[in-house]
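Asker: Only the shape, not the letters, is given here:
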């Protein structure tokens, strides 16, 4: 929610656009909707951007809002993050959200296209973790299972995508939860 107590609803519409719908007293309906994904088209040569999946978290301490979005452009998936967004009323909108591409850079899977299945944001008292599950169908060797990656947005580890082995194999379409 906003600092003022208004509700924030993030969603992907039937038009495959990623929206933020904010509670407001400024409209007759009491809600204002902002398209947060369509302007990413300019980073992809003006091609159609399809919002695929997302994760949102509000930091326990700072109350800042972090957003992770997977989009598809001409059959290829891309991961974008927007971190430390203000939670003040209408601070996150079409013009203010600052997207950063997390290019797939696993050196063991160079050149592979990613098929992003799930996104997660998990927090502890001190840190926040962004996790992406991708289908192994486009990796080497190909399989019907998921591969999990920790996303290092600041590239402290030297790359954005860092393999995070799972305790077992999961099929695409199976959702897991990050635990303690």
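Answerer: Now that the structure is in, tell me what you want to look at. In this text the structure is predicted, and so the values were computed from the model without any measurement.
Asker: Please make it C-alpha for all contacts and neighbour counts, starting now.
Answerer: Fine.
Asker: distance of the closest residue to residue 40 other than its chain neighbours from residue 57?
Answerer: Computed as C-alpha to C-alpha, 6 or more residues apart in numbering, the closest residue to residue 40 that is not its neighbour in sequence is residue 49, at 6.9 Å. Computed with C-alpha to C-alpha, to the nearest Å, the distance linking residue 49 and residue 57 is 23 Å.
Asker: the more surrounded of those two?
Answerer: The residue with the greater number of neighbours, taking residue 49 and residue 57 and applying other C-alpha atoms under 10 Å, is residue 49; the counts read 24 against 18.
Asker: quick one, which residue of this structure lies the farthest from its center?
Answerer: With distances taken from the mean C-alpha point of the chain and given as C-alpha atoms, centre = their mean, the most distant residue is residue 28, at 30.9 Å.
Asker: so the most centrally placed residue in the chain bridges to which residues?
Answerer: Note on the chain: the residue nearest the mean C-alpha position is residue 68, at 2.0 Å, using C-alpha atoms, centre = their mean. Residues found in beta-bridge contact with residue 68 (criterion: DSSP bridges) are residue 55, residue 81.
Asker: Who are the contact partners of it?
Answerer: With C-alpha atoms under 8 Å, 6 or more residues apart in numbering as the criterion, the residues that contact residue 68 are 54-56, 79-82, 119, 130.
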